[in-house]
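In: Just a sequence and a predicted model for now, questions to come.
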Amino acid sequence: MNTFKSPQKGGMTDEMARVAANNTARQTDPEQDADPFHEGDSIVYAAHGVGRVEKIGMVDVADTVIEMIQISFPGNQMMLRIPLAKARKAGLRKIVTRDIVDKAMTVIKGKPHVSKGMWARRAVAYQEKINSGDLIQIAEVLRDLRRNVDSLDGSFSERKLFEAAQERFVAEVAVLENADPAQVLENLTKTMKAA
């Protein structure tokens, strides 16, 4: 009969931490070498939105040296550290190109998709699109919920999802265009009203 030994109380043992740190230190990301991150770059982290690379350096974790990337998110006063080898897999990417913003604006101008499904399921799907960090998917959320632009129609959760998508979209476009977020929001609102 096989029995499983549970780790010591407190979760991870020192040996487990060393093994995990060694595995992370050995990993490399081929995409990273093709388009590396640099200190001062504006980036997008799928779960948190637009941030800035503060520091890239070596950190000693469980007697293993790992190259880490430190990102700050000024919008929510958060600092995040990710092993550089896992940055892309974790959802970290550079700011989109003008080409992708134009495609996203075309999506926003399109006809909203009306779904007859339960709101709870649609809300989960919208949240997943927002958290994907993909500007085109965020544009789809804006398109489908744009009736909330200037009205109080819809539920509280619908309005919150719309505002979250709008905030992510505006933040990334503002960084790309080196523009004031308020101006980008005004232009986006005009575009959605005209659609």
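Out: That came through, no problem.

In: Number of residues surrounding residue 133?
Out: Other residues lying near residue 133 total 21 when counted by other CB atoms under 10 Å. C-beta: built from backbone N, CA, C; applies to glycine.

In: Residue 156 too?
Out: Residue 156: 8 neighbours (other CB under 10 Å).

In: Name the spans of this structure whose pLDDT lies under the cut-off.
Out: 1-35, 148-153 (pLDDT under 70).

In: Give me the residue at the spatial middle of it.
Out: residue 46 (1.6 Å; CA atoms, centre = their mean).

In: I'd assumed residue 129 was in contact with it.
Out: No: using CB atoms under 8 Å, residue 46 makes no contact with residue 129, being 10.8 Å away.

In: residue ranges for the helices of the chain, please.
Out: 14-26, 30-34, 98-109, 119-132, 135-145, 156-177, 181-194 (DSSP state H).

In: The ones you listed into CSV, with extra columns for distance to residue 72?
Out: Shown next, in CSV, are the helices of the chain (distance: least, CB to CB, whole Å):
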stretch, distance to residue 72
helix 14-26, 22
helix 30-34, 20
helix 98-109, 24
helix 119-132, 19
helix 135-145, 21
helix 156-177, 14
helix 181-194, 17
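
In: Of all these, which one is nearest residue 86?
Out: helix 14-26 (6.8 Å; CB to CB).

In: is residue 66 in a bridge, and if so with what?
Out: On the basis of DSSP bridges, residue 66 is bridged to residue 59.

In: count of residues packed around it?
Out: Around residue 66 there are 21 residues (other CB under 10 Å).

In: Ok, residue 113 next?
Out: For residue 113, using other CB under 10 Å, the count is 9.

In: Touching, it and residue 142? I think so.
Out: No: Residue 113 lies out of contact with residue 142 (CB under 8 Å); the separation is 12.0 Å.

In: need the contact list for the closest residue to residue 169 other than its chain neighbours.
Out: Closest residue to residue 169 apart from its sequence neighbours, by CB to CB, 6 or more residues apart in numbering: residue 138 at 5.1 Å. By CB atoms under 8 Å, 6 or more residues apart in numbering, residue 138 lies in contact with 104, 129-130, 132, 165, 168-169.

In: mind listing what residue 98 touches?
Out: residue 176.

In: Would you mind measuring from it to residue 119?
Out: Noted for residue 98: a distance of 35 Å to residue 119, by CB to CB, to the nearest Å.

In: and if you look at residue 50?
Out: Residue 50 is 29 Å from residue 119, by CB to CB.

In: and the spatially closest residue to residue 107 that is not a sequence neighbour, how many residues sit next to it?
Out: Nearest in space to residue 107, with sequence neighbours left out and distances taken as CB to CB, 6+ apart, is residue 139 at 4.1 Å. For residue 139, the neighbour count with other CB under 10 Å is 24.

In: What of residue 94?
Out: Using other CB under 10 Å, residue 94 has 13 other residues around it.

In: Surely it touches residue 41?
Out: Yes: counting by CB under 8 Å, residue 41 is a contact partner of residue 94 at 6.9 Å.
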